[in-house]
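Visitor: Everything below, folded, please.
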Amino acid sequence: AKIVRLYCEENRIYEAANEALRGLGKASFRQVIQDNILVDKPRDVDLSLPKAIWELSPSIILTTNYDDVLRWANPQARTLINSQTPELADLFRSSSSKPTVWHIHGYINDANSLILAPQQYRQLYEGSQSPQSGYDAALSQLKGLLTNYSFLFIGFRLNDIYVMDLLSEVLQRFDNNLSQ
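Guide: This next block holds a predicted model:
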């Protein structure tokens, strides 16, 4: 616990999460995270920003957040997580009139889906030789989105090394010829 606190004090969150995962084990780590992140919708919450995002009428919102804020602003939106491979397969051809919130790093109401430690990020973004990793379909669809659709980054500092490496990989794959 001491080293985790030290990493947190130094704003080395990935290292703190990795150390906590290693020390607690996956089940206890998930439970601690869920106990500290899962919150009910506050009565006085300001949803003006997420509502403004929904006013853009996106069919898919890809978020790295674990929380329910986007669904608080649009309760009709459906939630998608990486383990839902049939839904991921239909992501581009969905005939549903409901927009989708894809929690790429996991969803707080499904603690098993949470991606918090570097080893978990590497499994998602670097792919896996094993289909049992559960991330192959998600990575494939994410690359498809990055290749074929424009992105508007909101509240994302673009300093996430895993996301930036994936963006760079997709751009390099097409020799920087993707439309702006």
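Visitor: any chance you could map the strands in the protein?
Guide: Assigned strands in the chain, in chain order: 60-63, 78-81, 100-103 (criterion: DSSP state E).
Visitor: which of the ones you listed is buried the deepest?
Guide: strand 100-103 (a mean of 23; mean count of other Cβ atoms under 10 Å). (Each C-beta comes from the backbone N, C-alpha and C, glycine too.)
Visitor: would you list the strands of the chain in JSON lines and tack on distance to Lys2 and mean pLDDT?
Guide: Below are the strands of the chain laid out as JSON lines (distance: least, Cβ to Cβ, whole Å; pLDDT from 0 to 100):
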{"stretch": "strand 60-63", "distance to Lys2": "33", "mean pLDDT": "92"}
{"stretch": "strand 78-81", "distance to Lys2": "33", "mean pLDDT": "94"}
{"stretch": "strand 100-103", "distance to Lys2": "31", "mean pLDDT": "94"}
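Visitor: Relative to Tyr135, which of the ones you listed is closest?
Guide: Among those, strand 78-81 comes nearest to Tyr135, with 10.9 Å by Cβ to Cβ.
Visitor: Note down every partner strand of the closest one and its orientation.
Guide: strand 100-103 (parallel) (DSSP bridges).
Visitor: Check which residues of the helix or strand of the chain with the lowest mean pLDDT are buried.
Guide: Confidence across the helices and strands of the chain bottoms out at helix 26-37, with a mean of 80, counting by mean pLDDT, DSSP states H and E. Of the residues in helix 26-37, Phe29, Arg30, Ile33, Gln34 count as buried by neighbour count, 16 or more other Cβ atoms under 10 Å.
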